[in-house]
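Undergrad: Take this sequence and fold it.
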Amino acid sequence: MPSKERALVLGGGGITGIAWETGVLAGLARGGLDVVASADVIIGTSAGATVAAQITSSMSVSALYRRQIDGTLAREPDIDLNVSELIARFSRIMTSEPDALHARKTIGALALERDRVFEAERRAIIENRLPSHTWPVRGADLRLTAIDAHTGMLRVFDARSGVDLVDAVAASCAIAVVWPAVTIADTRYMDGSFRSATNEDLAQGFRRVIVLQPMNLGTTSDVRPLSASSDVHVVRPDEAAIAAMTAFLDPAAAADSAREGYRQGYGEATRLARMWCS
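TA: Numbering: from 1, shown residues only. Next comes the predicted model:
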């Protein structure tokens, strides 16, 4: 039976969230804490799904960090939306609706209204971000979250799901209205953040949990906190990192976001090691 000792949870936060999380993980490793190598499970949502798929590939976290700061990231397609207002609207739906499925179905209906970008175009962007397009065969158990846009149900993809890794990551990153819902079999899936920005409750039962949370959207009403038996440490962007991450879908902001994450990760390494390695 797989160990339920250590869980690494990577939350959503757009392009700058990917950069910041990568920086935090690289900073932790530089400080002597390689959480990627020692995690038993890695749970990724949205931006965190991208990071999770990247760090479980053959590319080192330091190489992934360098890729964030070298200024060569591909630009996202232009979207004629006020994304900040849109995210605020989604957050209100998630936190004010007592029926969790209804809240997510409401967002799902918006996701299915219109595709502003072709699915194939968006999939190619995701594919280009991933060093490997196959599920890892060793190391931590990789779990990626998405939401069925029709039913509002949570889906957790892993190596046993029979779903292509690129499609699983694309589904987890499919911000409603911004990017197209992803077609897998007979269903279309949207961003896992529309249940929770981290879905950290999927780490229920793990003794030690580190959560990287670039953004807080709130949660729908069916998300329960982790048991008190879990030692949970959440790392969020500090004031300087928040300032660097404001344009969260702009690759031009990735380098500074990654550097701020690295600074935070390096500074947190000793504190987190006491919990993670005890």
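
Undergrad: Can you classify the residue nearest to the spatial centre of the chain as helix, strand or coil?
TA: Geometric centre of the chain, nearest residue: Gly48, 1.9 Å, by CA atoms, centre = their mean. Following DSSP: H, G, I helix; E, B strand; the rest coil, we place Gly48 in the helix state.

Undergrad: Show the contacting residues for it.
TA: Counting by CB atoms under 8 Å, 6 or more residues apart in numbering, Gly48 touches 9-13, 17, 21, 172, 198, 212. (Glycine included, C-beta is placed from N, CA and C.)

Undergrad: What does the pLDDT read for it?
TA: In this prediction, Gly48 carries a pLDDT score of 98.

Undergrad: Quick check: bridge partners of the closest residue to it other than its chain neighbours?
TA: Excluding the flanking residues, the one nearest Gly48 by CB to CB, 6 or more residues apart in numbering is Leu10, at 3.0 Å. With DSSP bridges as the criterion, Leu10 is bridged to Gly44, Leu212.

Undergrad: Start from the N-terminal end of the stretch 51-200 of the chain and give the strands.
TA: With strands called from DSSP state E, counting those that start in this stretch, the stretch 51-200 of the chain shows them at 141-148, 154-157, 182-184, 187-191.

Undergrad: Which residues does the second one contact?
TA: Counting by CB under 8 Å, 6+ apart, strand 154-157 makes contact with 143-148, 163, 168, 171-172, 189, 192, 195, 199, 202, all of which sit outside it.

Undergrad: same thing but 6 Å
TA: Applying CB atoms under 6 Å, 6 or more residues apart in numbering, the external contacts of strand 154-157 come out as 143-146, 148, 163, 168, 195.

Undergrad: Same check on the first one?
TA: The list of residues contacting strand 141-148 from outside it, by CB under 6 Å, 6+ apart, reads 2, 41-45, 49, 52, 56, 104, 136, 155-158, 168, 171-172, 187, 189-190, 192, 194, 199.

Undergrad: Put the buried members of the residues you listed into a ChimeraX selection.
TA: Typed into ChimeraX, the line below selects the buried ones among the contacts of strand 141-148, using 16 or more other CB atoms under 10 Å:
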select :41,42,43,44,45,49,52,56,104,136,155,156,157,158,168,171,172,187,189,190,192,194,199
